[in-house]
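S.K.: Okay, structure incoming, though there's no sequence with it:
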């Protein structure tokens, strides 16, 4: 699939924009703060039903406007497939109207992944550098694109987790009989939904582990790379997200069946009750899982250079690209938001080699000169200036 036409109305800094794209690499040129990232964000929203920059839908709506609208015509490379139409109207307080092929729909899942996409941006560094929540979100974002049930499972888990944690907060001292009975109900449900989330995340990481190592070795010769899932019960007693993990735990290979994982989760949840009462929260479950990247035996989050962390985040995104292509049997579109400016020339060339001529690609930049040294052939070219987008003959 590829994006043929895009129309924006009251989207961020754009009052109105109407654009046509070809299937090749598309260049978007403009100074910082002019709206290049806003344009890519609108395309990503069409693909995922969310922004990669904010959790607040209201921020997307142009200041002073009541609504924002994104419309798209999506084409297919296959002759036997028809074009698809998506229209999304966003209003304040998280209200949304959705049309797919000119028919009103109720759920975001009705348009998510019609146009699969992967976005590369400087903010991806937080996947590697920040806390576990960003790494969990990375895995979850992929699973939501390839598994139609995952989004609902995760929402249900979050509701159950909130109920259990609320009960934990209300308990003073030891759990009485009534409290114990209610807690048992929430424990059963948190294990039921949580086990499936852990299993899917663990399997996803295992599936792209070898590819990740290959990408890292392509960028950094001779570096030993490890990628390991970290279960919440292996993270230690502290609920702090900014602690390191003991190597002997994180590199332990877990071979489990679903029933075995449920048994482990059940036992760990029961063992953590005293700690849960102390911290007034639920300390065990997929909401506290993580994964860790080791380069030459050291956690890249704490001991990696900025360059190594940047390459690791790009390698994770390349793995996402490969996973989507395999799982959903569609070529994703690629959104490169000022990524090349963060790399030296050799690593720029390696990234171009990894993605070129495979996907419809949108490239944003403030400076076209360094792109001339890369083997990139642009189709459509656009210049963004004064909150307007115009076709360019650069």
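M.R.: Happy to help now that I have it. From a predicted model like this one, the values you see are computed outputs, not experimental measurements.
S.K.: Give the partner strands of the helix or strand containing residue 334 in its sheet and their orientations.
M.R.: Per DSSP states H and E: residue 334 is located in strand 333-337. Note on strand 333-337: by DSSP bridges, its sheet partners are strand 117-120 (parallel), strand 361-365 (parallel).
S.K.: And those strands: which comes nearest residue 70?
M.R.: Comparison of the strands paired with strand 333-337 against residue 70 by Cβ to Cβ identifies strand 117-120 as nearest, at 13.4 Å. Every residue, glycine included, has its C-beta placed from N, CA and C.
S.K.: Can you give me the buried ones in the closest one?
M.R.: By neighbour count with 16 or more other Cβ atoms under 10 Å, strand 117-120 contains the buried residues 117, 118, 119, 120.
S.K.: just curious, which of those is nearest to residue 166?
M.R.: The shortest approach to residue 166 among these belongs to residue 119, at 35.1 Å (Cβ to Cβ).
S.K.: Help me confirm that the closest one comes into contact with residue 338.
M.R.: No: checked against Cβ atoms under 8 Å, the pair residue 119 and residue 338 is beyond contact range at 11.4 Å.
S.K.: need the next SSE after the strand holding residue 334, C-terminal direction.
M.R.: helix 345-355.
S.K.: what's in contact with that following helix?
M.R.: The contact list for helix 345-355 (Cβ atoms under 8 Å, 6 or more residues apart in numbering) reads 215, 218-219, 311, 314, 318, 321, 334, 336, 339-340, 343, 361, 370, 373-376.
S.K.: Filter these down to just the buried residues.
M.R.: 215, 218-219, 311, 314, 318, 321, 334, 336, 339-340, 343, 361, 374, 376.
S.K.: Relative to residue 87, which of those is nearest.
M.R.: Using Cβ to Cβ, residue 334 comes nearest to residue 87 of the buried ones among the contacts of helix 345-355, at 23.5 Å.
S.K.: Return the set of residues that bridge with that closest one.
M.R.: Residue 334 has these beta-bridge partners by DSSP bridges: residue 118, residue 361.
S.K.: how about the buried residues of strand 117-120 in a markdown table, adding distance to residue 199 and pLDDT?
M.R.: Shown next, in a markdown table, are the buried residues of strand 117-120 (distance: Cβ to Cβ, whole Å; pLDDT from 0 to 100):
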| residue | distance to residue 199 | pLDDT |
| --- | --- | --- |
| 117 | 26 | 90 |
| 118 | 24 | 91 |
| 119 | 27 | 91 |
| 120 | 28 | 88 |
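S.K.: Could you look up the SS state of residue 292?
M.R.: Secondary structure, DSSP: H, G, I helix; E, B strand; the rest coil: residue 292 is strand.
S.K.: Just grab the bridge partners of it for me.
M.R.: Here residue 292 sits in beta bridges with residue 228, going by DSSP bridges.
S.K.: which other residues reach the strand holding residue 334?
M.R.: Applying Cβ under 8 Å, 6+ apart, the contact partners of strand 333-337 are 1-3, 36-37, 40, 43-44, 47, 115-122, 321, 355, 359-364.
S.K.: Just the buried ones among those residues, please.
M.R.: Among those, those buried by neighbour count (16+ other Cβ under 10 Å) are 1-3, 36-37, 40, 43-44, 47, 115-121, 321, 355, 359-364.
S.K.: now stretch 187-197: mean pLDDT?
M.R.: The predicted model assigns stretch 187-197 a mean pLDDT of 95.
S.K.: List the buried residues for that stretch?
M.R.: In terms of neighbour count (16+ other Cβ under 10 Å), stretch 187-197 has its buried residues at 187, 189, 190, 191, 193, 194, 195, 196, 197.
S.K.: Okay, and the second one sits in which element?
M.R.: For residue 189, the element it lies in under DSSP H and E is helix 177-219.
S.K.: which helices and strands does that helix pack with?
M.R.: helix 132-146, helix 150-170, strand 225-230, helix 258-271, helix 306-328, helix 345-355 (3 or more Cβ pairs under 8 Å, 6 or more residues apart in numbering; DSSP states H and E).
S.K.: can you give me the angle it makes with helix 258-271?
M.R.: Orientation check (axes from the mean of the first three to the mean of the last three Cα atoms, to 10 degrees): helix 177-219 against helix 258-271 gives 120 degrees.
S.K.: let's have the chain start at 29 instead
M.R.: Happy to do that; since the first residue is 29 now, the last one works out to helix 205-247.
S.K.: what angle separates helix 205-247 from helix 160-174?
M.R.: Using the same axes, to 10 degrees, helix 205-247 lies at 80 degrees relative to helix 160-174.
S.K.: is it true that residue 101 touches residue 113?
M.R.: Yes: between residue 101 and residue 113 there is a contact at 6.0 Å, judged by Cβ under 8 Å.
S.K.: Now residue 65: closest residue in space, sequence neighbours ignored.
M.R.: Sequence neighbours aside, residue 365 is the residue nearest to residue 65 in space, at 5.5 Å (criterion: Cβ to Cβ, 6 or more residues apart in numbering).
S.K.: Show the end-to-end separation of stretch 119-139, please.
M.R.: By Cα to Cα, to the nearest Å, the extent of stretch 119-139 from end to end equals 18 Å.
S.K.: quick check: mean pLDDT across that stretch?
M.R.: Averaging the model's pLDDT scores along stretch 119-139 yields 88.
S.K.: about what we covered before: ok now the strand holding residue 362, how far from the chain's centre?
M.R.: Here the centre of strand 361-365 is set off from its chain's centre by 13 Å, with Cα atoms, centre = their mean, to the nearest Å.
S.K.: repeat for stretch 217-237
M.R.: Relative to its parent chain, stretch 217-237 has a centroid offset of 16 Å by Cα atoms, centre = their mean.
S.K.: ditto for stretch 308-328
M.R.: Centre-to-centre, stretch 308-328 and its host chain are 17 Å apart (Cα atoms, centre = their mean).
S.K.: Right, I'll call it a day here.
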